[in-house]
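K.L.:
can you look at this prediction? I've put the sequence above it.
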Amino acid sequence: MTISFSPKSSMGFLNNKFVLFLGKLSFPVYLTQIFVRQALVKSSLPLNYWEYMGLYVASVICISLLCILICDTITNFINKKRSAKV
């Protein structure tokens, strides 16, 4: 997975936007999965196993995408402020 974080990967099959996106998504998924699971357990929704897993996976992916969006927005804002000072 480490190779996919680099946009200038030397391995041709890993040098595409989809693999880079998966690499970018993997860390927020890793960080948010336990919090989503704990929140769903505490909510005590009357769901069967497959409904629970579907809600769990969808929630983890949505929260991870939101984290990526927020981090990218902050990074772009900081980069614009830095370039404006120069």
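P.N.:
Arrived safely, thanks for sending. Numbering: from 1, shown residues only.
K.L.:
so which elements touch the worst-scoring helix or strand of the chain on mean pLDDT?
P.N.:
Least confident helix or strand, the chain: helix 17-43 with a mean of 89, by mean pLDDT, DSSP states H and E. Using 3 or more CB pairs under 8 Å, 6 or more residues apart in numbering; DSSP states H and E as the contact criterion, the elements in contact with helix 17-43 are helix 49-85. Using the backbone N, CA and C atoms, a C-beta is placed for each residue, glycine as well.
K.L.:
CA atoms only for stretch 37-44, dumped as CSV, please.
P.N.:
These are the backbone C-alpha positions of stretch 37-44, laid out as CSV (Å, rounded to 0.1, in the frame of the first residue of the first chain):
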residue,chain,number,x,y,z
ARG,A,37,-18.4,0.4,15.0
GLN,A,38,-18.7,1.7,18.5
ALA,A,39,-21.3,4.2,17.6
LEU,A,40,-23.4,1.6,15.8
VAL,A,41,-23.1,-0.8,18.8
LYS,A,42,-24.3,1.9,21.2
SER,A,43,-27.2,2.9,18.9
SER,A,44,-28.8,-0.6,19.3
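K.L.:
quick check: buried residues in it?
P.N.:
Buried residues in stretch 37-44, defined by neighbour count with 16 or more other CB atoms under 10 Å: Leu40.
K.L.:
ditto for stretch 76-86
P.N.:
Taking 16+ other CB under 10 Å as the criterion, stretch 76-86 shows none as buried.
K.L.:
how far does it sit from the chain's center?
P.N.:
When C-alpha coordinates are averaged (CA atoms, centre = their mean, to the nearest Å), stretch 76-86 and its chain have centres 25 Å apart.
K.L.:
give me the mean pLDDT for that stretch.
P.N.:
Averaging the model's pLDDT scores along stretch 76-86 yields 87.
K.L.:
what of stretch 44-64?
P.N.:
The predicted model assigns stretch 44-64 a mean pLDDT of 92.
K.L.:
and the contacts of it?
P.N.:
25, 28-29, 32-33, 36-37, 40 (CB atoms under 8 Å, 6 or more residues apart in numbering).
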